[in-house]
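Engineer: Fold the following for me, if possible:
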Amino acid sequence: MALPVISLSGTPFEQGLQHGQRLKARIEHNLAVYYERFKTEVFLERPEVLRRANLYAAAIKEQSPDYYAAMQGVAEGAALSFEDIAALNVRYEILYYEFGVGDQRAGIDGCTSFAILPSRTANSHLMMGQSWDWIPQVKGAVLQTEEADGLKTLSFTEAGIVGGKIGLNSAGVGLCINGLASLMDDWTTLEKPFHVRCHDILRQRRFEDARAIILDHERPGSANFLIAQSPDNVINIESAPRVASVLEPQNGAVTHTNHFANPKSMGLAEIENEFWENSCKRRARMDEMLASKPTLGVDDLHTFLRDHANYPNSVCRHEDHAFGPEEHYISVTSVLMDLDDKVMWLSDGPPCENPFERLELS
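Structural biologist: As a prediction, the model looks like this:
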């Protein structure tokens, strides 16, 4: 596997310690990438980033002691400061607030997700997947965890970010995500952060409990969560700080990219620019491809994730040199998951250039 695959077990602190030890070089690299992006893309210097991270860390300690302990473990294992690891774990709130509300207002672009009900798949299994389009230099990893209650998870994460963000667990729960931004976003509320919610969803045994992680609590910013559980439960939740909208599958499938389907009905405003237009085109293209065949197999879905319609701003994303390097994005990974067989296929980079590799939850 081109991406490092690490197995973690024990207490949350012990899992974080193993994460930090095994991914130290990648974590240091990611911190350097993000501090540069904070500065060049949203004009935040390191002291301000750390100020915000420390405020969030204190909130996380109360909201999710396990997540806080895991961050402590990552910091100790990688021999890095705790506040640096906290900054990495709340980078979503720091960056996306500036995208939607701050001075930058850059808009969101990247990530195309989907889920397909068993009635539409060749093997009659529940399938879901996505491209994860982000900063080209960010280094990822695959985490396999075993929790104290015996639940196992298999997920993709950025090195240094606790718990996984795209993945599945041994109870058949799966998660895909898309970034969103709105003018309602407010990181200063210090509600439970995005990556903490991803961690918590992947540790639920029941579909109802997984969706409640989003729907039963207010949020500091906007994000999209596509949650499923075999054999046939699927929900897409577009969320903002005080409102949320649920999208159900249509014709056996549901898709999402990086814009709200109907923001006015939610009382939201979002920035409409070329990034917003690209998001609309990618969702329409994925809908078109999923509707092109009555039943869809693994090879079909891999092909769709390699699609180059509207290149370079395609489902398989590549750098757009019409913009400066601070706004370059690629498909850092593309992921497909079979929630019945507990199998994941991942690429290390754009899947047109990098093969999908198969992993089983063991």
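Engineer: Next, report how far stretch 202-221 is displaced from the centre of its chain.
Structural biologist: Mean-position distance between stretch 202-221 and its chain equals 15 Å (CA atoms, centre = their mean, to the nearest Å).
Engineer: for stretch 259-272, same thing?
Structural biologist: Its chain's C-alpha centre and that of stretch 259-272 lie 20 Å apart, by CA atoms, centre = their mean.
Engineer: What's the local residue count around Glu208?
Structural biologist: 10 (other CB atoms under 10 Å). Heads up, the C-betas are built off the backbone N, CA and C, glycines and all.
Engineer: any idea how far it lies from Thr153?
Structural biologist: Glu208 is 19 Å from Thr153, where distance means CB to CB, to the nearest Å.
Engineer: residues in contact with the helix or strand of the chain with the lowest mean pLDDT?
Structural biologist: Least confident helix or strand of the chain, by mean pLDDT, DSSP states H and E, is helix 91-100 with a mean of 86. Residues from elsewhere that reach helix 91-100, judged by CB atoms under 8 Å, 6 or more residues apart in numbering: 34, 37-38, 41-44, 49, 52-53, 56, 87, 104-108, 179-183, 185-187, 193-195, 220-223, 270-271.
Engineer: give the contact list for the closest residue to Phe156 other than its chain neighbours.
Structural biologist: Leaving aside its sequence neighbours, Phe156 sits nearest to Ile166 (CB to CB, 6 or more residues apart in numbering; 4.6 Å). Contacts for Ile166 (CB under 8 Å, 6+ apart) come out as 130, 132, 155-156, 175-177, 333, 335.
Engineer: Ramachandran coordinates for Ile166?
Structural biologist: phi -130, psi 120 (degrees, to the nearest 10).
Engineer: Could you do Lys342 as well?
Structural biologist: The phi/psi pair for Lys342 (degrees, to the nearest 10) is phi 60, psi 50.
Engineer: thought it was touching Leu168?
Structural biologist: Yes: when contacts are counted by CB atoms under 8 Å, Lys342 is listed as touching Leu168 (6.2 Å).
Engineer: More neighbours: those two, which one.
Structural biologist: Taking other CB under 10 Å, Lys342 and Leu168 do not tie; Leu168 has more neighbours (28 against 20).
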